[in-house]
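1. sharing a sequence plus its predicted fold:
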Amino acid sequence: MSKFLWKGLLVSPAVLAASLVVSSTALAEQPVEIATAAQTDKLQLAGAATEAAKSETAKPETAEPASLDSNLTVETIEKESANLYEGFPSDRFANDPIAPVTEQAKATENAVAADLSETKPAVAPANLSAEQPVAQQIPAVAPANLSETQPAAPLANLNAEKSAAQPEQISQSTDSSAQPQAQSNVLEQINQYSAEDSRSEDGAGQVTSVSQLSDVRPTDWAFQALQSLVERYGCIAGYPDGTFRGNRAMTRYEFAAGLNACLDKVTELIQGGSRNLATREDLASVQRLQEEFAAELATLRGRVDVLEARASELEANQFSTTTKLNGEVIFALTGIARGDDAEGREADQTTAFGSRVRINFDTSFSGEDLLRTRLQVLNLGSFSTNNTKTAEGELRFNAGPFAEASNTVGLDALLYQFPLGKNTTVILEANAGAADDFANTVNPYFDGDGGSGALSNFGTRNPIYYLTGGSGIALRHQFGEKLELSLGYLAGNAADPTRGNGLFNGSYGGLAQLTFKQNDKMALGLTYVNSYNFVTGTGSNASNFPVRLGSFGLDSDSTLPVTSNSYGAQASWQLNRRFAIGGWAGYTNQRILSNLATPTGSVQRGDQKIWNWAVTLAFPDLLKEGNVAGILVGMEPRVTSSTNRTLPEDKDTSLHVEGFYQFKLSDNISITPGLIWLTAPDHNKNNSDLVIGVVRTTFTF
């Protein structure tokens, strides 16, 4: 009796179900022989389990005899299986379509419990050690109506490098203290599969060799049974390409995930009253599959329950249903090592330590729009005001050119962007808008807006982008994948209703740019900016002449009205994973619109021609993944010529040389030491070179 049941357990859950139907008295009185050939023809085992059974039969010293103590034939067993389904009430399938055993089987449980508790050799998973019981490695998932001493069904062929498992002694009792360890081992294996799947775009090529991870092959009965259910009921959406991939082997956990979807679908059909859609044969296949993959189903469903519980906890304690909070904090140690200021005097070499803090509230109402509210506070003073007396070499994360710092919290940025059709995005800038909000500055690895990348204003992006800012409207439109158009109009004093200010009567900047992206590694931007009463805040005092009259001995608190037309070209090319080259060139025609007379001199209207250029070299992942080294050599805005003698020109050329190394301590902390070297500060060779040192630490959250 016990031999028959043990062989039935190894052969198929269907044989076990049929055995439970027959009474114990009939089984004891009628010995039976099941031919190995008939057994192979009628009952196909899954994958490695079939090979293991054949291997055991071929070894007389370890295999059980093929003749069992019963005279039932395979045909008799099949008839009993059919009678088992015939005996179900008509409403049984509607309520419990995949019940593992019948009430009649439950009645015979006590009669066979003793035989089930006997220790028999079984096929063990290939990747389990012989010293540790399976019950301690894999959670036993057995039907509720079986005795607790029933052997746990092992997971077959978890390690596909071995074609068949060796006979293994399996503990007949499950220690409750071993369950957490078993759960952990199985979840670790699931996480391993998941991690390898994430390295593939579509999940099909996640491993070098499918045989290393796949347990269920297309030739297995289980695979074919599930494929039949999928085709009949459409219970699996499939891979991203919409296919089930019936020619690809899969892991037992992948298979169990698909089986679980089919179980839910069949249950839904039955409970919905569509009894004709679920045939008796399909229900039998579902029952057999459920028994075969009971352990995997239980594990996956347990993980889903845990994830749902965690999701509910996060929803209950989240900051907002529509808003995400993120921020950036910069600690900066700065100082001038040597050199002269723009007036020819030795620059103050005081070392300063300051910070910049930004808090962003990113809100989305539809999932495709964005409302950004940024609060900012900074206390690091500018070099141009206190040390260098020129905008050259100004840092990106301090108070800004010719400005004073304070610890006052202010509204730094307020914008709302939303899609208009499939390829267009509209951006409304309510406060402190900038060109990089809607245009690609084509300067990867350098344009981090002060928090990462370049340290200086000039190194961050082409200076012509600074000729617009404030409040206004912009849009981005995609012409396919390779061409983008950016348009924007921003006013500097849009909120001021006084004369000479407002959205259209005060300072403004209008920008248009075409960006060509051949691929993710190569980009080219062509930019035009028309502005009124804006200066770049970089380069020499002459290039910022309308707001720097005092530096030329003109005693006046007024600024000259000025308009400009600027043209720029920016390019970037990442040659390989660890090296990228880029740069830009910019030209500005700046026109002084009125004459100005002061007690110390006069200014006549006229034009200034201003040029700037730069070459950038970036070394991503230098020494460690996530690190970036950058070198920039260029010329900050320089007035090359003017139309009259009252408008200043730069007679010499100053080079801006900048180098930094951004070292990533963690995903949220990076340290960036760097140097800025200015030859002939303020484009004046009479001034000795300036060297500015910076150590920037950036925290993101």
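-> Looks like it arrived, so ask away.
2. what segments of the stretch 301-450 of the chain are strands?
-> Ranges of strands in the stretch 301-450 of the chain, per DSSP state E, counting those that start in this stretch, are 323-338, 352-363, 370-378, 406-419, 424-433.
3. quick one: which of the ones you listed is nearest residue 633?
-> strand 323-338 (19.0 Å; Cβ to Cβ). Using the backbone N, CA and C atoms, a C-beta is placed for each residue, glycine as well.
4. can I get the strands of the stretch 301-450 of the chain in a markdown table including mean pLDDT?
-> Formatted as a markdown table, these follow (pLDDT from 0 to 100):
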| stretch | mean pLDDT |
| --- | --- |
| strand 323-338 | 94 |
| strand 352-363 | 95 |
| strand 370-378 | 95 |
| strand 406-419 | 93 |
| strand 424-433 | 95 |
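5. and those strands as JSON lines, adding distance to residue 564 and mean neighbour count?
-> As requested, the strands of the stretch 301-450 of the chain are exported to JSON lines (distance: least, Cβ to Cβ, whole Å; neighbours: other Cβ atoms under 10 Å):
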{"stretch": "strand 323-338", "distance to residue 564": "31", "mean neighbour count": "16"}
{"stretch": "strand 352-363", "distance to residue 564": "29", "mean neighbour count": "17"}
{"stretch": "strand 370-378", "distance to residue 564": "28", "mean neighbour count": "18"}
{"stretch": "strand 406-419", "distance to residue 564": "24", "mean neighbour count": "15"}
{"stretch": "strand 424-433", "distance to residue 564": "19", "mean neighbour count": "19"}
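6. okay, the ones you listed in JSON lines with distance to residue 449 next?
-> Formatted as JSON lines, the strands of the stretch 301-450 of the chain follow (distance: least, Cβ to Cβ, whole Å):
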{"stretch": "strand 323-338", "distance to residue 449": "9"}
{"stretch": "strand 352-363", "distance to residue 449": "9"}
{"stretch": "strand 370-378", "distance to residue 449": "11"}
{"stretch": "strand 406-419", "distance to residue 449": "10"}
{"stretch": "strand 424-433", "distance to residue 449": "12"}
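7. looking at the ones you listed, which is closest to residue 562?
-> strand 424-433 (20.7 Å).
8. which elements pack onto that closest one?
-> Strand 424-433 sits against strand 406-419, strand 470-479, strand 483-491, with contacts defined as 3 or more Cβ pairs under 8 Å, 6 or more residues apart in numbering; DSSP states H and E.
9. do you know which of these lies nearest residue 399?
-> strand 406-419 (8.1 Å).
10. pull the CA atoms of that closest one into CSV?
-> Presented in CSV, the C-alpha positions along strand 406-419 are these (Å, rounded to 0.1, in the frame of the first residue of the first chain):
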residue,chain,number,x,y,z
SER,A,406,21.7,86.6,3.2
ASN,A,407,20.0,83.8,5.1
THR,A,408,16.5,84.8,4.0
VAL,A,409,14.3,82.1,2.7
GLY,A,410,12.7,83.1,-0.6
LEU,A,411,10.6,81.7,-3.4
ASP,A,412,13.2,80.9,-6.0
ALA,A,413,11.2,79.1,-8.7
LEU,A,414,7.5,78.6,-9.4
LEU,A,415,6.5,77.0,-12.6
TYR,A,416,3.8,74.8,-14.1
GLN,A,417,4.2,72.6,-17.1
PHE,A,418,1.7,70.4,-18.9
PRO,A,419,1.4,68.5,-22.2
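11. contact partners of stretch 411-426?
-> Outside stretch 411-426, the residues within contact range by Cβ atoms under 8 Å, 6 or more residues apart in numbering are 358, 366, 368-376, 427-434, 437-438, 473-479.
12. go again with 6 Å.
-> By Cβ atoms under 6 Å, 6 or more residues apart in numbering, the residues outside stretch 411-426 that reach it are 368-374, 376, 427-432, 475-478.
13. and of the helices and strands packed on strand 424-433, who's closest to residue 695?
-> strand 406-419 (21.1 Å).
14. low-confidence regions, the stretch 251-400 of the chain specifically.
-> 271-278 (pLDDT under 70).
15. right, and the strands of the stretch 301-450 of the chain - which one's nearest residue 641?
-> strand 323-338 (31.0 Å).
16. ok and that closest one relative to strand 352-363, angle-wise?
-> 160 degrees (axes from the mean of the first three to the mean of the last three Cα atoms, to 10 degrees).
17. could I get the helices and strands packed on strand 424-433 as CSV with distance to residue 290?
-> Formatted as CSV, these follow (distance: least, Cβ to Cβ, whole Å):
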stretch, distance to residue 290
strand 406-419, 45
strand 470-479, 49
strand 483-491, 53
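18. residue 362 is nearest to which of these?
-> strand 406-419 (10.5 Å).
19. the closest one pairs with which strands?
-> Sheet pairing for strand 406-419, assigned by DSSP bridges, gives strand 370-378 (antiparallel), strand 424-433 (antiparallel).
20. so which of those comes closest to residue 550?
-> Comparison of the strands paired with strand 406-419 against residue 550 by Cβ to Cβ identifies strand 370-378 as nearest, at 24.8 Å.
21. for that closest one, which outside residues touch it?
-> Residues contacting strand 370-378 (Cβ under 6 Å, 6+ apart): 356-364, 405, 407, 409, 412-417.
22. which stretches of the protein aren't confidently modelled?
-> In the chain (pLDDT under 70), the answer is 1-215, 231, 236-248, 271-278.
23. output the longest helix belonging to it.
-> helix 294-317 (DSSP state H).
24. buried residues in it, which are they?
-> 294-300, 303 (16 or more other Cβ atoms under 10 Å).
25. for that helix, packing partners?
-> Packed against helix 294-317 by the contact rule (3 or more Cβ pairs under 6 Å, 6 or more residues apart in numbering; DSSP states H and E) you find helix 252-271.
26. output the contacting helices and strands for the helix it packs on.
-> Packed next to helix 252-271, using 3+ Cβ pairs under 6 Å, 6+ apart, are helix 221-233, helix 294-317.
27. can I get it in PDB, CA atoms only?
-> Extracted C-alpha coordinates of helix 252-271, given in PDB (Å, rounded to 0.1, in the frame of the first residue of the first chain):
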ATOM      1  CA  ARG A 252       9.200  27.600 -11.800                       C
ATOM      2  CA  TYR A 253       8.500  31.000 -10.300                       C
ATOM      3  CA  GLU A 254       7.800  32.500 -13.700                       C
ATOM      4  CA  PHE A 255       5.600  29.600 -14.500                       C
ATOM      5  CA  ALA A 256       3.800  29.900 -11.100                       C
ATOM      6  CA  ALA A 257       3.100  33.600 -11.800                       C
ATOM      7  CA  GLY A 258       1.400  32.700 -15.100                       C
ATOM      8  CA  LEU A 259      -0.500  29.800 -13.500                       C
ATOM      9  CA  ASN A 260      -1.700  32.200 -10.800                       C
ATOM     10  CA  ALA A 261      -3.100  34.500 -13.500                       C
ATOM     11  CA  CYS A 262      -4.900  31.600 -15.100                       C
ATOM     12  CA  LEU A 263      -6.300  30.400 -11.700                       C
ATOM     13  CA  ASP A 264      -7.800  33.900 -11.200                       C
ATOM     14  CA  LYS A 265      -9.200  34.000 -14.700                       C
ATOM     15  CA  VAL A 266     -10.800  30.600 -14.500                       C
ATOM     16  CA  THR A 267     -12.200  31.400 -11.000                       C
ATOM     17  CA  GLU A 268     -13.600  34.600 -12.300                       C
ATOM     18  CA  LEU A 269     -15.300  32.900 -15.200                       C
ATOM     19  CA  ILE A 270     -16.900  30.200 -13.000                       C
ATOM     20  CA  GLN A 271     -18.000  32.600 -10.300                       C
END
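28. cool, thanks, talk later.
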